[in-house]
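Peer 1: Quick one: sequence plus predicted model below, questions after.
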2 protein chains.
Amino acid sequence: MTEGTHFQRVRPVRLYQDIVDQIESAIARGALKPGGRLPSERELVAQFGASRATVREALRVLEAHGVVRSRPGQPSGPEVLSFSPDSLANQMTRLVQLDGMSLTDLLAFRMVIDGAASRLAARLHTPEQRDAMERSIAAMEQAIETGYDEFSEADVAFHDAIAQASRNAMIQVCNNVVRGVVLQVIEDKVRRAFDSEALMRESLQHHRDVFEAISTGDGEAASRIARQKLYDYYAGYVPEEDRAGILALLDVEPP
Amino acid sequence: MTEGTHFQRVRPVRLYQDIVDQIESAIARGALKPGGRLPSERELVAQFGASRATVREALRVLEAHGVVRSRPGQPSGPEVLSFSPDSLANQMTRLVQLDGMSLTDLLAFRMVIDGAASRLAARLHTPEQRDAMERSIAAMEQAIETGYDEFSEADVAFHDAIAQASRNAMIQVCNNVVRGVVLQVIEDKVRRAFDSEALMRESLQHHRDVFEAISTGDGEAASRIARQKLYDYYAGYVPEEDRAGILALLDVEPP
DNA sequence: TCTAGTTTACTGGTCAGGCCACGTCGCGCG
DNA sequence: CGCGCGACGTGGCCTGACCAGTAAACTAGA
């Protein structure tokens, strides 16, 4: 920033916003710990010197931000929520949905995330995580005869295990978000397509390949196979003219 | 889901939440378009049959969700905001900050995102975007004598140009978010370290390398160099025992 | 007629006070 | 000792009101 007469736009400060800021910064600096409770609404009215309506509007905002939850009857006041990445994932999912991201962008992004997760998992996985992956694959195999729902569930578990093994919270969050949104967008189509044993077997084999690469520590291969697999299954659902941007994520030479 | 007696937890429905849901789904299905206006608060009171306090609480939530904005005096009622990825980025930034992500996770994630963006940019960039990158590099060169602030600004512009060239909205958003949060966490340290001409020249050269790889269409190299560069500059700020997880993202063999 | 200032009708922001349903806790009854 | 029932405090919601703005309608002046 340059020095001197560089003023900032004045904005009318809203009381409820001030309350939100105060409480959030109290949480951020640790004065209010997750699991703890806020004073009751009427108590906050006294402390902030605002009306109850105003305090309540602030509480609604805090609730929307996911940092607080208030339930009726609780004698100890609103609850300060702990910050699990889950809440981040939930909020992010809502935003991505509302934002109307294109399936193309989502798929490409998922390839990036899943590829990176697989690469990291190959280097960093613990024996327990390896077992979890193996169990998920076994569950997928069993589910071939049970049905798509169980198969899909095991598939999710497998990818979750990989994301966990990546030891990166951001990747785990993005993984959850983007998988959820993608599946939601094309769930019925996928369900129809996948309701054949052949496709499930093929998918199972691909998962085995990824698992093989991960457990031998070959991050490069794990990443490549994971991306390729996603492309193979989902590219059919994105407009043809958009596929170039996704192909660039595979390790194929340009035509 | 299995068939049969699988009930769902009943939850007391709150009026303001109902209003939020109705308005958000109206936006989601296109009945309410960005740029349009909501009815005035008193009008909403009539339509929903709720009190103004309740309607206002709903509006606060919607505002926190970033889908509307209400300002006093506007005769046409609250404004329905357009969904720029910017709003997604803003909200995500707030969440990531509050969640207290570790610098390690953030840095690794940034390497993933920036690497993917560079790879895509190499294949997909337009001549205009190439020019924008070139201009940013020129600005960086000039800024070496001006100061760190200008240098940093040009640096941001360069990475933005790459993210744009990736043509992937999710990557652009994540790029913005994670860069912002990382810089915020260690801004002062970086500022001190970077206030030497030598480091800025080195950084400039690295950017030139990335640019070179992108403009010749070598996505693999662009991605690798981008990740390496981030590692070199920031790895010093993460705890030593965490670096293994980041190293796995570089194309070096395990020891 | 056209402009400039003023009125007016609305907006959102805030307040005070009140009612209700529902948890929690403790007291007293069996 | 255990159990049920009340009192108390909580959040959810409502009514009705006042204020400070904005913008459009209106009116007085050139």
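Peer 2: Cool, got the structure. Numbering: from 1, shown residues only, chains lettered A, B, ... in the order given.

Peer 1: Quick check: residues of chain A near DNA strand C?
Peer 2: Contact residues, chain A versus DNA strand C (CB under 7 Å from any atom of the strand): A:14-16, A:49-54, A:57, A:72-75. From N, CA and C alone the C-beta is placed, and that goes for glycine too.

Peer 1: now for the helix or strand hosting A:Val55, which elements pack on it?
Peer 2: Here A:Val55 sits within helix A:52-64, counting by DSSP states H and E. For helix A:52-64, the packing partners by 3 or more CB pairs under 8 Å, 6 or more residues apart in numbering or on different chains; DSSP states H and E come out as helix A:15-28, helix A:41-48, strand A:68-69, helix B:52-64.

Peer 1: Is that helix in proximity to DNA strand D?
Peer 2: Yes. For helix A:52-64 and DNA strand D, the contact criterion (CB under 7 Å from any atom of the strand) is met by A:52-53, A:56, A:59.

Peer 1: before we move on, the earlier item: as a markdown table, the residues of chain A next to DNA strand C with pLDDT would be great.
Peer 2: Converted to a markdown table, these look like this (pLDDT from 0 to 100):
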| residue | pLDDT |
| --- | --- |
| A:Arg14 | 91 |
| A:Leu15 | 94 |
| A:Tyr16 | 94 |
| A:Gly49 | 95 |
| A:Ala50 | 95 |
| A:Ser51 | 96 |
| A:Arg52 | 96 |
| A:Ala53 | 96 |
| A:Thr54 | 96 |
| A:Glu57 | 96 |
| A:Pro72 | 87 |
| A:Gly73 | 83 |
| A:Gln74 | 83 |
| A:Pro75 | 81 |
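
Peer 1: Please list only the buried members of those.
Peer 2: For the residues of chain A next to DNA strand C, a neighbour count by 16 or more other CB atoms under 10 Å in any protein chain shown gives the buried set as A:16, A:50, A:54, A:57.

Peer 1: Quick check: the first one touching B:Arg60?
Peer 2: Yes. Under the contact definition of CB atoms under 8 Å, A:Tyr16 touches B:Arg60, with a separation of 6.8 Å.

Peer 1: Common neighbours of these two, please.
Peer 2: Counting by CB atoms under 8 Å, 6 or more residues apart in numbering or on different chains, the common neighbours of A:Tyr16 and B:Arg60 are A:57, A:61.

Peer 1: which residue does chain A bring closest to DNA strand C?
Peer 2: Distance from DNA strand C to each residue of chain A (CB to the nearest atom of the strand) is smallest for A:Gly73, at 2.3 Å.

Peer 1: how about the worst-scoring helix or strand of chain A on mean pLDDT: buried residues?
Peer 2: Ranking every helix and strand in chain A by mean pLDDT, DSSP states H and E puts helix A:85-99 at the bottom, with a mean of 83. Along helix A:85-99, these residues count as buried under the neighbour rule (16+ other CB under 10 Å): A:85, A:87-93, A:95-99.

Peer 1: thinking again about what came up before, and the helix holding A:Val55, how far from the chain's centre?
Peer 2: In terms of CA atoms, centre = their mean, to the nearest Å, the centre of helix A:52-64 is found 27 Å from the chain centre.

Peer 1: Show me the domain layout of chain A.
Peer 2: A:15-80, A:86-247 (automatic domain parsing).

Peer 1: Is it possible to get CSV of those domains that adds distance to B:Leu106?
Peer 2: Converted to CSV, these look like this (distance: least, CB to CB, whole Å):
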stretch, distance to B:Leu106
domain A:15-80, 17
domain A:86-247, 7
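
Peer 1: would you list every one of the strands in chain A?
Peer 2: A:68-69, A:79-80 (DSSP state E).

Peer 1: what sits up against the last one?
Peer 2: The contact list for strand A:79-80, computed with CB under 8 Å, 6+ apart, reads A:27, A:32-38, A:67-71.

Peer 1: likewise the first one?
Peer 2: The set of residues external to strand A:68-69 that reach it, using CB under 8 Å, 6+ apart, is A:23, A:38, A:59, A:62-63, A:78-81.

Peer 1: what sits against A:Arg243?
Peer 2: A:Arg243 touches A:Ala235, counting by CB under 8 Å, 6+ apart.

Peer 1: typo on my end, A:Asp99
Peer 2: B:83, B:85, B:87-88, B:169.

Peer 1: Closest to DNA strand D out of the residues you listed?
Peer 2: B:Ser87 (22.2 Å).

Peer 1: wait, the closest one sits on B:Arg94?
Peer 2: No. At 11.0 Å, B:Ser87 and B:Arg94 do not qualify as touching, with contact defined as CB under 8 Å.

Peer 1: if we can go back for a sec, which of the contacts of A:Asp99 sit farthest apart?
Peer 2: B:Ser87 and B:Ala169 (12.3 Å; CB to CB).

Peer 1: State the pLDDT value of A:Gln129.
Peer 2: Looking at A:Gln129, its pLDDT stands at 96.
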